[in-house]
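Undergrad: Pasted the sequence and its predicted model underneath.
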Amino acid sequence: MLTGKTALVTGAGRGIGRAIALAFAEYGADVAVNYNGSAESAKAVADEITAMGRKAVLIKADVSDAAACAEMFKKVGEEFGKLDILVNNAGITKDNLTVRMSEEEFDRVIDINLKGAFLCMKQAGAMMMKKRYGRIINISSISGVRGNAGQINYCAAKAGIIGMTKSLAKELAGRNVTVNAVAPGYIDSDMTAVLSDKVREAALANIPLGRMGQPRDIAEAVAFLASDRASYITGQTIIIDGGMGI
Ligand code: NAP
């Protein structure tokens, strides 16, 4: 499905990003594995990709740092010669009720989750326009679609991702570059491992499919959007939440 393609996945050392990077390699793509803090697990992901017979490039970069982002895309260009697929997956939470939230908590989430995606799309967009081919997939969240108490920073960033996806889809459609988003619900990862049993039970009670999602559930949809099978889909946000939003 992705044979001959090259991809960059941000935050690919663990969780959903890891599952996306591995699925891409399984479907035939060479993958640049971006990480920031998780050097060891990112190296393990790169090793798994190499073991599948695909090329892996390991790149440390904080996506909120414009200079580091520029360096990362330069390296992707040098190693792969082109970039077909970008997945903006890197993200953090710093939850708090609005009246208690510090400016730092607000800014850091916006810087990584929203500005980081912008910085990467700016770099990838330039590379893809030249080649007249590209697939950009942004990881939003059900929180960005519906809102969530205690996550005003995260919801702003994830709703912003949806707006940026639509804008860039319009800008790049004429160059054969599609831009889409996926909005996961509750997915088993380090991000949700910190939730209390009470929050987890309440979430599960609202999921018609009766389970939390697995990172692979998201990776399969992202791989589809990254493939040529999805060539007439752009500017869309696919909600993957086990039916929670029905
Ligand atoms: P996770 O396990 O906490 O992983 C977060 C990833 O983001 C890590 O790979 C981390 O890399 C990376 N990251 C954080 N800050 C970064 C930075 N400044 N520069 C580069 N990478 C950075 O979370 P996850 O559940 O896999 O989340 C992945 C994405 O899905 C996020 O955008 C999240 O908002 C979204 N999402 C998750 C859920 C869920 O239920 N889990 C639901 C909706 C949306 P390092 O460890 O290397 O720093």
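TA: Received the coordinates, thanks. Numbers count the residues shown, from 1 in each chain.
Undergrad: Do I have it right that Arg14 meets Ser189?
TA: Yes - contact criterion Cβ atoms under 8 Å: Arg14 and Ser189 qualify, at 7.4 Å. C-beta coordinates here come from the backbone N, C-alpha and C atoms, glycine included.
Undergrad: Now do the same contact list for Ile110.
TA: Residues counted as contacts of Ile110 (Cβ atoms under 8 Å, 6 or more residues apart in numbering) are 153, 156-157, 160.
Undergrad: Which two among those residues are spaced furthest apart?
TA: Within the contacts of Ile110, Asn153 and Gly160 form the most distant pair, 10.7 Å apart (Cβ to Cβ).
Undergrad: tell me the SS of Asp62?
TA: coil (DSSP: H, G, I helix; E, B strand; the rest coil).
Undergrad: ok, back up a step: more neighbours: Asn153 and Gly160, which one.
TA: Neighbour comparison, Asn153 and Gly160: the larger count goes to Asn153, with 24 against 19 (by other Cβ atoms under 10 Å).
Undergrad: Could you check how far that one is from Met121?
TA: 20 Å (Cβ to Cβ, to the nearest Å).
Undergrad: of all the contacts of Ile110, which comes closest to the ligand?
TA: For the contacts of Ile110, the minimum distance to the ligand (Cβ to the nearest ligand atom) is 8.2 Å, reached by Ala157.
Undergrad: my guess is the closest one meets Arg108, correct?
TA: No - using Cβ under 8 Å, Ala157 is not in contact with Arg108; the gap is 10.2 Å.
Undergrad: more neighbours, those two?
TA: When Ala157 and Arg108 are compared for neighbours, Ala157 comes out ahead with 27 against 15, by other Cβ under 10 Å.
Undergrad: mind listing what the more buried one touches?
TA: Applying Cβ under 8 Å, 6+ apart, we find Ala157 in contact with 91, 109-110, 113-114, 144.
Undergrad: got it, and Met129?
TA: Counting by Cβ under 8 Å, 6+ apart, Met129 has contacts 172, 175, 177.
Undergrad: That one: what secondary structure?
TA: Of the three states, Met129 takes helix under three-state DSSP.
Undergrad: Now do it against Thr6, distance only.
TA: Taking Cβ to Cβ, one finds Met129 at 16 Å from Thr6.
Undergrad: what's the spacing between whichever strand in the chain runs longest and its chain's center?
TA: Counting residues, the longest strand found in the chain (DSSP state E) is strand 177-184. Put simply, strand 177-184 sits 9 Å off its chain's centre (Cα atoms, centre = their mean, to the nearest Å).
Undergrad: now that strand: mean pLDDT?
TA: If you average the pLDDT over strand 177-184, you get 98.
Undergrad: and the next element down the chain from that strand?
TA: helix 190-193 (DSSP states H and E).
Undergrad: Could I get the contacting residues of the residue of the chain most remote from its centre?
TA: Taking Cα atoms, centre = their mean as the measure, the residue most remote from the mean C-alpha position of the chain is Val99, 29.0 Å away. By Cβ under 8 Å, 6+ apart, the contact list for Val99 is empty.
Undergrad: for the ligand, what are the nearby residues on the chain?
TA: Within the chain, the positions near the ligand by Cβ under 6 Å from any ligand atom are 10-11, 13-17, 34-38, 62-64, 89-92, 112, 139, 141, 184, 186-187, 189-192.
Undergrad: quick one: terminal-to-terminal distance for stretch 126-142?
TA: Start to finish, the residues bounding stretch 126-142 are 29 Å apart (Cα to Cα, to the nearest Å).
Undergrad: centre of the chain versus it, how much separation?
TA: Remark: stretch 126-142 is offset 11 Å from the chain centroid, using Cα atoms, centre = their mean.
Undergrad: returning to that earlier point: now the buried members of the contacts of Met129.
TA: 172, 177 (16 or more other Cβ atoms under 10 Å).
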